[in-house]
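*Asks:* Can you look at this prediction? I've put the sequence above it.
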Amino acid sequence: MLYALPKMARSAIHPRLMEGFDAQLEETKDHLERLLNISDELGCRCHTKGAKALEHMLEAAWSHISDASDELVRDARLLRAAQSAAHYEIAAYQAAWTSASSMGMKSVADMLRKTLQEEHAAGQRLRTIAQKMMRSPARRGRKVLLNPSTSKANRLVMPRQLLVA
């Protein structure tokens with residue numbers, strides 16, 4: 001996400017979405033620092049390269065994002081990609097926290113719990129941004145695209161609550 005978030009922020013049009021990506025980038029840097037601290041505490045080497053599954057998920061999402069000719073569609077796709085990544089990260093941190101807790105690694109579990117709480121908060125911020133985007137003046141009066149014959153560039157690969165046209 002360290003490399004994806006700046007690109008996502010540059011691609012976004014909605015100001016709150018740009019701000020959300022910038023804030024998430026700063027938190028992600030803190031998460032990396034925390035992971036490096038955990039690595040030191042455990043005496044192991046921390047791989048700073050991103051998870052392959054997350055990389056593939058973002059690559060697939062980016063292909064849908066980049067072919068959107070409409071700015072609101074692109075923002076909705078960016079938001080969906082960020083939400084998918086947040087869910088993936090929550091699952092990963094939840095599993096790591098559970099393992100550390102069950103093995104009695106209190107300080108490691110505490111650091112992971114803090115990151116997990118921040119990821120949950122980030123997910124909530126994304127949901128709030130999605131709701132505000134749907135109430136945005138630019139969105140008002142626009143129809144939802146559900147017609148499969150519509151141009152591929154403006155069809156959404158999104159949950160219904162994020163569809164805009």
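*Replies:* On my side now, so go ahead.

*Asks:* Quick one: residues contacting the nearest residue to G123 once chain neighbours are set aside.
*Replies:* Among residues not flanking G123 along the chain, A86 sits closest, at 4.5 Å (C-beta to C-beta, 6 or more residues apart in numbering). The C-beta positions use only the backbone N, C-alpha and C, and glycine is treated the same way. Neighbouring residues of A86 by C-beta atoms under 8 Å, 6 or more residues apart in numbering: 119, 122-123, 126.

*Asks:* Taking the centroid of the protein, which residue is nearest it?
*Replies:* A82 (2.4 Å; C-alpha atoms, centre = their mean).

*Asks:* what does the model give that one for pLDDT?
*Replies:* Looking at A82, its pLDDT reads 87.

*Asks:* returning to that earlier point: spell out which helix or strand contains the residue nearest to G123, please.
*Replies:* Per DSSP states H and E, A86 falls inside helix 71-102.

*Asks:* Would you mind measuring from A81 to A96?
*Replies:* 23 Å (C-beta to C-beta, to the nearest Å).

*Asks:* Tell me, how many residues neighbour H87?
*Replies:* Using other C-beta atoms under 10 Å, H87 has 14 neighbouring residues.

*Asks:* Could you report the distance from it to Y93?
*Replies:* 11 Å.

*Asks:* for A130, same thing?
*Replies:* Counting by C-beta to C-beta, the gap from A130 to Y93 is 22 Å.

*Asks:* The residue nearest to G123 and T98, how far apart?
*Replies:* A86 sits 18 Å away from T98, going by C-beta to C-beta.

*Asks:* can you check L72 too?
*Replies:* Distance from L72 to T98, by C-beta to C-beta: 39 Å.

*Asks:* And the helices in this protein?
*Replies:* Secondary structure of the chain (DSSP state H): helices at 4-11, 15-42, 52-66, 71-102, 106-134.

*Asks:* Confidence-wise, which of the ones you listed is weakest overall?
*Replies:* Of all the helices of the chain, helix 52-66 has the smallest average pLDDT, which comes to a mean of 74.

*Asks:* my guess is E118 meets H31, correct?
*Replies:* Yes - between E118 and H31 there is a contact at 7.1 Å, judged by C-beta atoms under 8 Å.

*Asks:* out of those two, which sits in the more crowded spot?
*Replies:* Neighbours per residue, other C-beta under 10 Å: of E118 and H31, the larger number sits with H31, 23 against 18.

*Asks:* Now do the contacts for the more buried one.
*Replies:* H31 sits in contact with 115, 118-119, where contact means C-beta under 8 Å, 6+ apart.

*Asks:* rerun at 6 Å
*Replies:* The contact partners of H31, by C-beta atoms under 6 Å, 6 or more residues apart in numbering, come to T115.

*Asks:* Cheers, nothing more for now.
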